[in-house]
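> dropping a prediction and its sequence here:
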Amino acid sequence: MQRDLVERARRGETEAFDALARLVSGRLFAVAYRILRDHYLAEDAVQQTLITIWNELPRLREPDRFDAWTYRLIVRSSVAEARRERRGGTSIQLLPEDADVSPAPDQYRAVADRDQLERGFRRLTPEQRAILVLQHYAGQSLAEIADVLGIPVGTAGSRLHYATRALRAALEADGRNVAAEGRLA
Amino acid sequence: MTTLNDFDRVLGEWLNEGPNRAPDRPVDLAVEHARSHPRRPDLIGFLRPDPMARPFRGLGMGLRPAMILATLALLLAAVVAIGVGGPKPSVVLPNPSPSASPRLSPNPSSGANPSPAGILVDLTVAAGQPQTVDVIDESGTLLEASSGSPTDGQGFPSDSVEVTNIDATTLQLGWAGYPCRTDHELRIGSDPRVMTLVRPPCEGVTDSIGVDRILILRFSEPIVAAEVAIAIQ
């Protein structure tokens, strides 16, 4: 069904595009929201992505690549929205390669705290958030992530590695701040 | 290892929380955009790169447009080569020049037929035996040869060819001869103003009353009847 809609929308049928947009918008919004952590910014990213789909769809030679292409577009739109919104974001200092960044098991219970995870995630760059969302939410493999982002698989693996480390570092930093605040209280 | 899996699991569970359905507003606005911006035919769309094109191994993606252009250039060269050196028209004329494009007479009554030596024209005659003329053009300017329609009796001289202009590029050649079957040959020289009409003599007994023959020649270039010299053999 989606392939048929893609083919018809490629030919310029607005009715098909209408149906196609409603079919894929949920997936696009879910990814955008998880990268941006903001409902309104995610709406803007979805709208921009759908408009790009309409404008650029004839260039897509293989309709079977539609899903990967739309993932790429929503990631780009989300990153662009995040950059527009970002005001003096906190930079994350990566821990040295040989540092032990694996928290003890009981610390993961703290990580499970939604607020702490939310804060740590927001301290990542939009690109780091995107690659974590593609793997841990969209369930994509490294090869699929590389395809979506248009980068070699090795580069995708490297970026995923650094994004994971950055999130752990952010969580640890957040944990230390919470502990310090607790002592002060 | 367990801790890594825990981290992934916790992160995955946290990411799975949240909305999975898009609000209507962005979809409605995008569809409205599509309706107000109908897509126009993109004549060079095939040249635009595929946004999800897989890069060639060992080659950069930037080479793709160059390869397309090179392919187009080769195709263009092939088309030009076929146009210049390709098959000629089926009507074979002696020593045709590139500017000549001879074709048969559109008048079926003229009975023009191609021959390896030129254009064979069945002349229309008011009386007597069939008459033909094989027109051989060496100038490359003859476009068409056909028969005129002579009236009864003899109106043209029998020892010469009368040449008149029908229009700037068309000549009418008229002469008279015996009503026996005669297969003429008209040779148009490299200068189209110089022609030779070969008229074999009649064999056997024939009527002594002459009949007219009229041949229409159309050229690709203007030609003046007064400048044309036709010898009869």
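Perfect, I can see it now. Numbers count the residues shown, from 1 in each chain, chains lettered A, B, ... in the order given.
> excluding sequence neighbours, find me the nearest residue to the spatially most central residue of chain A.
The centroid of chain A falls nearest to residue A:130 when counting by Cα atoms, centre = their mean (2.4 Å). Sequence neighbours aside, residue A:75 is the residue nearest to residue A:130 in space, at 4.7 Å (criterion: Cβ to Cβ, 6 or more residues apart in numbering or on different chains). All C-beta spots, glycine's among them, are computed from the backbone N, C-alpha and C.
> got the phi and psi for the one you found?
Main-chain dihedrals, residue A:75, degrees, to the nearest 10: phi -60, psi -40.
> list the residues that contact it.
Residue A:75 is in contact with A:31, A:35, A:130, A:134, A:148-149, counting by Cβ atoms under 8 Å, 6 or more residues apart in numbering or on different chains.
> next, format these as JSON lines and append distance to residue B:36 and secondary structure.
Below are the contacts of residue A:75 laid out as JSON lines (distance: Cβ to Cβ, whole Å; DSSP: H, G, I helix; E, B strand; the rest coil):
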{"residue": "A:31", "distance to residue B:36": "27", "secondary structure": "helix"}
{"residue": "A:35", "distance to residue B:36": "29", "secondary structure": "helix"}
{"residue": "A:130", "distance to residue B:36": "31", "secondary structure": "helix"}
{"residue": "A:134", "distance to residue B:36": "33", "secondary structure": "helix"}
{"residue": "A:148", "distance to residue B:36": "30", "secondary structure": "helix"}
{"residue": "A:149", "distance to residue B:36": "32", "secondary structure": "helix"}
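> mind checking the SS state of residue 18?
Reading this off chain A. At residue A:18 the chain is in helix, as set by DSSP: H, G, I helix; E, B strand; the rest coil.
> how much space between residue B:39 and chain A?
Distance, residue B:39 to chain A, by Cβ to the nearest Cβ, to the nearest Å: 4 Å.
> show me the contacts for that residue.
Here residue B:39 is in contact with A:12, A:54-55, A:58 (criterion: Cβ under 8 Å, 6+ apart).
> which of the residues you listed has the largest number of neighbours?
Within the contacts of residue B:39, neighbour counts (other Cβ atoms under 10 Å in any protein chain shown) peak at residue A:54, which reaches 23 neighbours.
> that residue belongs to a helix?
Yes - Residue A:54 forms part of a helix when assessed by three-state DSSP.
> my read: it touches residue B:29, true?
No - shown here, residue A:54 and residue B:29 do not form a contact pair, counting by Cβ atoms under 8 Å, at 11.4 Å.
> by neighbours, which of the contacts of residue A:75 wins?
Neighbour-wise, the contacts of residue A:75 (other Cβ under 10 Å) top out at residue A:35, 31 neighbours.
> thought that one was touching residue A:78?
Yes - using Cβ under 8 Å, residue A:35 makes contact with residue A:78 at a distance of 4.2 Å.
> which residues do those two both contact?
Common neighbours of residue A:35 and residue A:78 (Cβ under 8 Å, 6+ apart) are A:42, A:126, A:130.
> tell me which helix or strand comes right after the helix or strand of chain A with the lowest mean pLDDT.
Ranking every helix and strand in chain A by mean pLDDT, DSSP states H and E puts helix A:105-111 at the bottom, with a mean of 53. Using DSSP states H and E, the helix or strand that follows helix A:105-111 towards the C-terminus is helix A:114-122.
> average pLDDT for that next one, rounded please.
With pLDDT averaged residue by residue, helix A:114-122 scores 87.
> verify the stated contact: the residue nearest to the centre of chain A with residue A:35.
Yes - between residue A:130 and residue A:35 there is a contact under Cβ under 8 Å: 5.1 Å.
> so what's in contact with the two at the same time?
Here residue A:130 and residue A:35 have A:75, A:78-79 as joint contacts, going by Cβ under 8 Å, 6+ apart.
> is the lengthiest helix in chain A anywhere near chain B?
The longest helix of chain A (DSSP state H) is helix A:153-184. Yes - applying Cβ under 8 Å from any Cβ of the partner chain, one finds helix A:153-184 touching chain B at A:164, A:167-168.
> centre of the chain versus the host helix or strand of residue A:80, how much separation?
Counting by DSSP H and E, the element that carries residue A:80 is helix A:66-85. A distance of 8 Å separates the centroid of the chain from that of helix A:66-85, by Cα atoms, centre = their mean, to the nearest Å.
> show me which positions of it end up buried.
Going by neighbour count (16 or more other Cβ atoms under 10 Å in any protein chain shown), the buried part of helix A:66-85 is A:66, A:68-79, A:81-82.
> enumerate every residue touching residue B:29.
residue A:47.
> just checking, which helix or strand of chain B averages the lowest pLDDT?
For chain B, judged by mean pLDDT, DSSP H and E, that is strand B:113-115, with a mean of 43.
> what about residue B:182, distance to residue A:127?
Taking Cβ to Cβ, to the nearest Å as the measure, residue B:182 falls 95 Å from residue A:127.
> looking at those two, which one has more neighbours?
Ranked by neighbour count (other Cβ under 10 Å), residue B:182 and residue A:127 place residue B:182 first, with 22 against 18.
> show me what contacts the nearest residue to the more buried one once chain neighbours are set aside?
In this structure, residue B:182 finds its nearest non-sequential neighbour in residue B:131, 5.3 Å apart by Cβ to Cβ, 6+ apart. When the contact criterion is Cβ under 8 Å, 6+ apart, the partners of residue B:131 are B:122-123, B:125, B:177, B:181-184, B:213.
> which two in the residues you listed are spaced the farthest apart?
Within those, B:122 and B:177 form the most distant pair, 15.2 Å apart (Cβ to Cβ).
> more neighbours: which of the two?
residue B:177 (24 against 17).
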